[in-house]
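Undergrad: please work out how this folds:
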Amino acid sequence: MEIGMLWFDDSQASLGEKVKQAAVYYRQKYGHGPTHCLVHPQTLNGGKGKISGVVMREAHNVMLNHYWIGTDESISALKQDPRQSA
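TA: Prediction:
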C-alpha cells in the first residue's frame, strides 16, 4: 500500500473500535472502503488478521497510535481492469 489516509487515535478505545471508526470515515471521504491498515508492531502485539474487513499489517515506519489505512493497489488494479483477473 503506497497511498492511504493517516488516522491518529490515542484514545482508550479498543483496536477494533479505532480501526472501525477509521474505516467508516475513509468510506465516507473516498466513496469506497479500505482494504488494508498498517500499524506499528506494538499496536498489533503479534496479532494478525482482519478487523472490520480490513487486513491488518505491521509496519515499522508507522508511529504508535497512527493507522495508515487505504486500499491495496493490486486489488484496485484488478477491479479497474477486469482483463487482469483472467
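Undergrad: what segments of the chain are helices?
TA: Assigned helices in the chain, in chain order: 15-30, 41-44, 73-80 (criterion: DSSP state H).
Undergrad: to residue 63, which of the ones you listed lies closest?
TA: Of all the helices of the chain, it is helix 41-44 that lies closest to residue 63, at 9.8 Å by C-beta to C-beta. C-beta coordinates here come from the backbone N, C-alpha and C atoms, glycine included.
Undergrad: quick one: average confidence on that closest one?
TA: With pLDDT averaged residue by residue, helix 41-44 scores 93.
Undergrad: now stretch 59-72
TA: For stretch 59-72, the mean confidence score works out to 95.
Undergrad: re the thing from before, so which of the helices of the chain is nearest residue 62?
TA: Using C-beta to C-beta as the measure, helix 41-44 is the one of the helices of the chain that comes nearest residue 62, at 8.1 Å.
Undergrad: tell me which residues in that closest one are buried?
TA: Buried residues in helix 41-44, counted by 16 or more other C-beta atoms under 10 Å: 43, 44.
Undergrad: with just CA atoms, put that helix into CSV.
TA: What follows is the C-alpha trace of helix 41-44 in CSV, where atoms were taken according to Å, rounded to 0.1, in the frame of the first residue of the first chain:
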residue,chain,number,x,y,z
PRO,A,41,4.2,-3.6,15.5
GLN,A,42,3.4,-2.8,19.2
THR,A,43,-0.2,-2.0,18.2
LEU,A,44,-0.8,-5.5,16.9
